[in-house]
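**Q** What follows is a predicted protein model with its sequence.
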Amino acid sequence: MLVRARPLVTFALSAVLGLSLAACQVEAAPATRAAQGTSATPATGGTLPPAGAAASFTVYLPRLFEDDSLGLRGVARSLAWSATPARDAIDQLIRGPNGDERAADFHYALDRRTRLRSAMITDGTAIVDFETGLEHVHGRPFSELVYWSILYTATEVPGVERLALQEGGGRLSELGFPAFSVPAAAGRSDAPAWARPR
């Protein structure tokens, strides 16, 4: 009787472990993919994704390159869109790089404690309103690079072509220290050459 119970217990534990891993959506990303990243392609526009639709998505993170320059590079993510796709995009950015990506010199654009008030899309513009966390953005050119990281990530959402930043419900005019002057709204074509993903 005890001998028969062992395979049943082993099977039950395997099933629970398998379900736990599936629920956590664990994905092993090879270091080579993290190092290569994803190239930036222009936002395609189109209609907003339906809630629940699965998608491959690109998040643009700061990275220290081999020539010691700082820039942006895209990394792939898998997600299921909610009813607020702009929030989904920025939440992915706040989560930052995974372990393999950190080993490949990718950095967090935003502090992981950053909180959003809202992120909505109006007439092709993602209006992203931060509650807290932007006070942790420091350094030049890092502060400006964080802005372009948010912009490139937000404009990955189908139908989004521009970004407008807010903090506490009002327009955000400066970001970081030393302060970077934040445009009222901007698109990918407004990014300076050094800040464009490579």
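**A** That came through fine.

**Q** give me the element Thr47 is part of.
**A** Secondary structure from DSSP states H and E places Thr47 outside every helix and strand.

**Q** With Leu151 instead?
**A** helix 142-154.

**Q** average pLDDT across the next helix or strand after that helix?
**A** Going down the chain from helix 142-154, the next helix or strand is strand 162-167, by DSSP H and E. Taken as a whole, strand 162-167 has a mean pLDDT of 98.

**Q** excluding its backbone neighbours, what's nearest His136?
**A** Counting by Cβ to Cβ, 6 or more residues apart in numbering, the nearest residue to His136 once its immediate chain neighbours are dropped is Asp111, at 3.9 Å. C-beta here means a position set from N, CA and C on the backbone, and glycine is covered the same way.

**Q** Just give me the neighbour total for that neighbour.
**A** When neighbours are counted by other Cβ atoms under 10 Å, Asp111 registers 15.

**Q** again, but for the one 5 residues further on
**A** As a burial measure, Leu116 scores 17 neighbours (other Cβ under 10 Å).

**Q** what's near enough to touch it?
**A** Arg87, Ile90, Asp91, Ile94, Val128, Asp129, Phe130, Glu131 (Cβ atoms under 8 Å, 6 or more residues apart in numbering).
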